[in-house]
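> With the sequence up front, the predicted model follows.
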Amino acid sequence: MPIMEVRECIEKTVERSLTDLGIQSGPIVLEHPAELTLGDYATGVALKYAKVAGKNPREFAEAIVAGLDTIEGVAKIDIAGPGFINFTLTPAAIIDRLEAARTDERWGSGTLLAGKTIMVEYTQPNPFKQFHIGHLMSNTIGESITRLFEFSGATVLRANYQGDVGPHVAKALYILLERNSSNPSVEEISSAYVEGSTRYDADGQSKYAIDMLNKKIYERSDPVVNELYAQGRAITLAHFEDIYAILGTKFDFYFFESDTAPIGLSIVQSHPEVFTQSEGATVFEAEKYGLHTRVFITGLGLPTYETKDLGLAKLKSDTATFDTSITVTASEQTEYFKVIKKAMEFVIPEIAPKIEHVTHGMMRFAEGKMSSRKGNVVTGESLLTDLIAAAKDRAAESRAIDHARLAQEIAVAAIKYQILKQAAGKDIVFDPTRALSMEGDSGPYVQYTFARTCAIIERARTANINPSFDMVANSTDLPIAQKVLMRLIPRFPEVVARAAADYEPHYLATYLVEIASAFNSWYGQVQILDQGKDERFKVALVEAVSRTLKNGLTILGIPTPERM
RNA sequence: GCCUUCGUAGUUCAAUGGAUAGAACAGGGCUCUUCUAAGGCCUUGAUGUAGGUUCGAUUCCUACCGAAGGCACCA
């Protein structure tokens, strides 16, 4: 019986036993014991309800256990410590899962989101601005969330939303026009943006000129402006595609602010009962809902990001059918999004419930916030370039056939793992030294472990060893690290499911390092290919580890080179 | 000022209200005639402060201290 079902059976029978004892507990959620030696699953319900039941916890635990049905796949049930009930799986149940890990290509997948279609919008770089490490963060988290959803049975629509109109474009274009640029490079465009921002804040004349230019861009009224605009837009977008290719993202939909703006405008203008006029602007007064007022249409009659976001929701809904649309952005937009969501409830009530916002922390320097307006950002490509350079020497000495490709795969692993190893909502303080590190708790560490498993599997194949769990090794004299692996690997589908349910890839990242660490410990301790009687069993276990690492890294969006 | 989020080893992060708070890096020591040393083994070291709820609090509540973000025409 698959382990997820064993788990459910335990949860159900515990709940029923409690009900029989007069306790309405609600659904039971099992945890894992602190120590692997204590068992595979545990519950503290006896502790929780002992007082209500008027018994001491251990006595009560005994009563609960006495009321349990026999559960296939459970070898023993212990009461331990202050009154925990611990369940230990049978060797057969564990071997059944290890066999699945070894042979099932989709090992780890589940049905949590089966039948659901979910649009995920992430990355959101803006043409005419740099692709900085904040975008790298959004892309990494967004991509791994989409893959978690896919492994949980959902159909996923990858979407990117890019701001190709708005003041930032006018600022960059103003300087480019002044420089008489033609077919500017990505660097020229982003430096123009920084200069434009500075001028906008510094002198009133430039500010006025940029505001007028902004209006022209929206209206598409000036052929010279249109020409340079088209060039700059195309150049930056093509540049972003190069980065997506390295990162391993392929979007299904691209939305642009130039398209969402008119849709949003018409929505706002057709709801005067929701939006009010104030100081020449059209605003949404959200104070009455415990939020704050935001401007939707400026005094110049131009739509702000707020209005475009309303248009975006409508456009998404018109473009594709989905149950939920999730927008992944940095936490600085948390409050902003609440206002938008509230406005949506009034103007597009049929779409509003489908729109969800997930925030991630911000990438910042120890000294403070990065700001592309000021130009003090670390760009995505400079970080990747530095990481590739750092990985290059080692890659050159590796067994890989394509060294340049390996260096890139390692660089992607290093940056992505650093982002994914911690809870998604927390800020990351960007430390260049740490970012370049490939040792210890890192992406390359897990990759290296995977490459090791591949090397062993390859050798075993050459030696005609037939991997098999048929012969169950005497479990008492196994090395601890091997026992740990055998208990940990079956948990993989649960870890994936929990990470998907909570939008928290870091549960998976943490788990993979745990597996890699146990494997490396075992590897250091025993000779796997030793021609002994356990050899086939050990090779089979290596295959189970290998698949778990491969699928796990893939879900995180991290490449899995077989040779390093 | 108001709102949101967050304070865990020297540093960067874990911990589903549970059992002895785990890792990694940095520091000290050991380990490649043996399947990849990007590895393994040993070692020092932590829950901001004060209360509260609970059988049990890093986790929930209150206050304070500290940090980050947001709060009208940026995205």
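Received it, and whenever you're ready, just let me know what you need.
> The closest residue to residue A:220 other than its chain neighbours sits in which helix or strand?
Spatial nearest neighbour of residue A:220, chain neighbours left out: residue A:226 (5.7 Å); criterion: CB to CB, 6 or more residues apart in numbering. For every residue, glycine as well, the C-beta is placed using N, CA and C. Assigned by DSSP states H and E, residue A:226 belongs to helix A:223-247.
> what's that helix packed up against?
Judged by 3 or more CB pairs under 8 Å, 6 or more residues apart in numbering; DSSP states H and E, the packing partners of helix A:223-247 are helix A:133-151, helix A:167-178, helix A:186-202, helix A:204-219, helix A:380-396, helix A:403-420.
> Can you report how many residues lie near residue A:76?
Number of residues near residue A:76 (other CB atoms under 10 Å) recorded here: 10.
> before we move on, what SS does it have?
strand (DSSP: H, G, I helix; E, B strand; the rest coil).
> right, and it touches residue A:91 too?
No. Look at residue A:76 against residue A:91 with CB atoms under 8 Å: they stay out of range, at 11.6 Å.
> Give me the contact list for the helix holding residue A:226.
A:123, A:125, A:127-129, A:131, A:136, A:139-140, A:143, A:162, A:164, A:169, A:172-173, A:176-177, A:181-186, A:189, A:213, A:216-217, A:220, A:250-251, A:380-381, A:384, A:408, A:412, A:416, A:557 (CB atoms under 8 Å, 6 or more residues apart in numbering).
> Try it again at 7 Å.
The contact list for helix A:223-247, computed with CB atoms under 7 Å, 6 or more residues apart in numbering, reads A:125, A:127-128, A:131, A:139, A:164, A:172-173, A:176-177, A:181, A:183-184, A:186, A:189, A:216-217, A:220, A:380-381, A:384, A:408, A:412.
> Just after that helix, pick out the following helix or strand.
strand A:253-256.
> ok now that following strand, how far from the chain's centre?
20 Å (CA atoms, centre = their mean, to the nearest Å).
> List the buried residues in it.
Applying a neighbour-count criterion of 16 or more other CB atoms under 10 Å, one finds A:255, A:256 buried in strand A:253-256.
> Checking the closest residue to RNA strand B within the stretch 351-500 of chain A next. Helix, strand or coil?
Residue nearest to RNA strand B within the stretch 351-500 of chain A (CB to the nearest atom of the strand): residue A:440, separated by 2.0 Å. Put simply, residue A:440 is coil when judged by three-state DSSP.
> distance of it from residue A:254?
38 Å (CB to CB, to the nearest Å).
> can you check residue A:505 too?
Distance from residue A:505 to residue A:254, by CB to CB: 24 Å.
> Residue A:227 too?
22 Å.
> which stretches of chain A have low pLDDT?
Residues of chain A meeting the criterion pLDDT under 70: A:1-4, A:365-376, A:472-476.
> Residue nearest the middle of it, spatially speaking?
residue A:141 (3.1 Å; CA atoms, centre = their mean).
> Is residue A:86 bridged to anything, and to what?
residue A:42, residue A:78 (DSSP bridges).
> Could you do residue A:324 as well?
residue A:118.
> just checking, it touches residue A:356?
Yes. With contacts counted by CB atoms under 7 Å, residue A:324 reaches residue A:356, the gap being 5.8 Å.
> returning to what we had before: and the contacts of helix A:223-247, which are buried?
For those, a neighbour count by 16+ other CB under 10 Å gives the buried set as A:125, A:127-128, A:131, A:139, A:164, A:172-173, A:176-177, A:181, A:184, A:186, A:189, A:216-217, A:380-381, A:384, A:408, A:412.
> which among those are in contact with RNA strand B?
When contact is defined as CB under 7 Å from any atom of the strand, the buried ones among the contacts of helix A:223-247 do not meet RNA strand B at all.
> that older thread, from the chain's centre, how far out does the helix holding residue A:226 sit?
26 Å.
> Could you give me the buried positions within that helix?
Buried, per 16+ other CB under 10 Å, within helix A:223-247: A:225, A:228-229, A:231-233, A:235-236, A:239-240, A:243-244, A:246-247.
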